[in-house]
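Asker: Structure for this input, please:
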Amino acid sequence: IRLNDNSVSDWDTLSVNVYNSSAAGGNFIIGKFDYDATNIYFYFEMKATVADGNIFDFYIDADNNPATGLLTGAFPSGGYDILIEGQMLLNQSTAPIPFVPYAHTGAQDAFSFNPLSLSDFFKIGAVVQDGNTLKFEGSLDRSKLSLTGAAIRLGIITTKSDWSATLGSLPDANTDSYLLNLPE
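Answerer: Residues are numbered from 1 along each chain as shown. Take a look at the predicted model:
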């Protein structure tokens, strides 16, 4: 996967780590994941535009251990050690809600997160508007986010820019989070 080629076509041939949403996924159509020793790459197709300013919540079970991290019914299979939240597709210096990583603290039933002081922990590659479908790619820095284990679980929720409504969920709402094995 190359984020600097101004194209999302390199995702066309990826046939593993692909999740096709159902109607329960809301504005998500498809999600694809890849990785190397440095990054976890993601590709999404959604019913959206960049101008919508949707808020993304990435719930990450960094150690693939449900005995640590937040327990949530949104994605019941994991214990979410990291939450990354904000308007990741907007310019981060002007976004009303910048994309910021948080670490879970406290009891597993407590929605309690402390912000992490990390810079350059994510990148956005090509962004393509195809009619009412938004296609985009990006990456998360494995080292900076401590995503160095043999597997992680991911669950992503999108919300309207004013927090008035949940728009989508990948995987589908109230299902197990996506298990991404990282054997390298």
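
Asker: mind listing the strands for this structure?
Answerer: With strands called from DSSP state E, the chain shows them at 18-20, 28-35, 39-47, 55-61, 82-86, 100-104, 113-115, 122-130, 133-141, 151-159, 166-170, 178-181.

Asker: Residue 29 against residue 45, yeah?
Answerer: Yes - using C-beta atoms under 8 Å, residue 29 is in contact with residue 45, at 4.2 Å. All C-beta atoms are positioned from the backbone trio N, CA, C, and that covers glycine.

Asker: hang on, the earlier thing: just so I know, which of the strands of the chain lies nearest residue 4?
Answerer: strand 122-130 (6.9 Å; C-beta to C-beta).

Asker: Provide the strand pairings for that closest one, with the direction of each partner.
Answerer: Using DSSP bridges, the strands paired with strand 122-130 are strand 133-141 (antiparallel).

Asker: Run through the residues that contact residue 176.
Answerer: Taking C-beta atoms under 8 Å, 6 or more residues apart in numbering, we find residue 176 in contact with 75, 76, 77, 78, 153.

Asker: how close does it get to residue 82?
Answerer: For residue 176, the distance to residue 82 (C-beta to C-beta, to the nearest Å) stands at 18 Å.

Asker: now residue 148
Answerer: Residue 148 is 12 Å from residue 82, where distance means C-beta to C-beta.

Asker: and those two? which has more neighbours close in?
Answerer: Higher neighbour count among residue 148 and residue 82: residue 82, with 24 against 12, using other C-beta atoms under 10 Å.

Asker: residue contacts, that one?
Answerer: 58, 59, 60, 62, 69, 101, 102, 103, 104, 145, 146.

Asker: CSV for these, including distance to residue 39?
Answerer: Formatted as CSV, these follow (distance: C-beta to C-beta, whole Å):
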residue, distance to residue 39
58, 14
59, 19
60, 14
62, 15
69, 22
101, 15
102, 20
103, 20
104, 22
145, 10
146, 14
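
Asker: Now which of those residues would you call buried?
Answerer: 58, 59, 60, 62, 69, 101, 102, 103, 104, 145 (16 or more other C-beta atoms under 10 Å).

Asker: With adjacent residues omitted, what lies nearest to residue 53?
Answerer: Nearest residue to residue 53 in three dimensions, chain neighbours excluded: residue 161, at 3.6 Å (C-beta to C-beta, 6 or more residues apart in numbering).

Asker: shaky segments in this structure?
Answerer: Along the chain, segments meeting pLDDT under 70 span 184.

Asker: Can you tell me the centre-most residue of it?
Answerer: residue 58 (4.0 Å; C-alpha atoms, centre = their mean).

Asker: ok so, going back, of residue 29 and residue 45, who's got more company?
Answerer: More neighbours surround residue 45 than the other of residue 29 and residue 45, with 21 against 18 (other C-beta under 10 Å).
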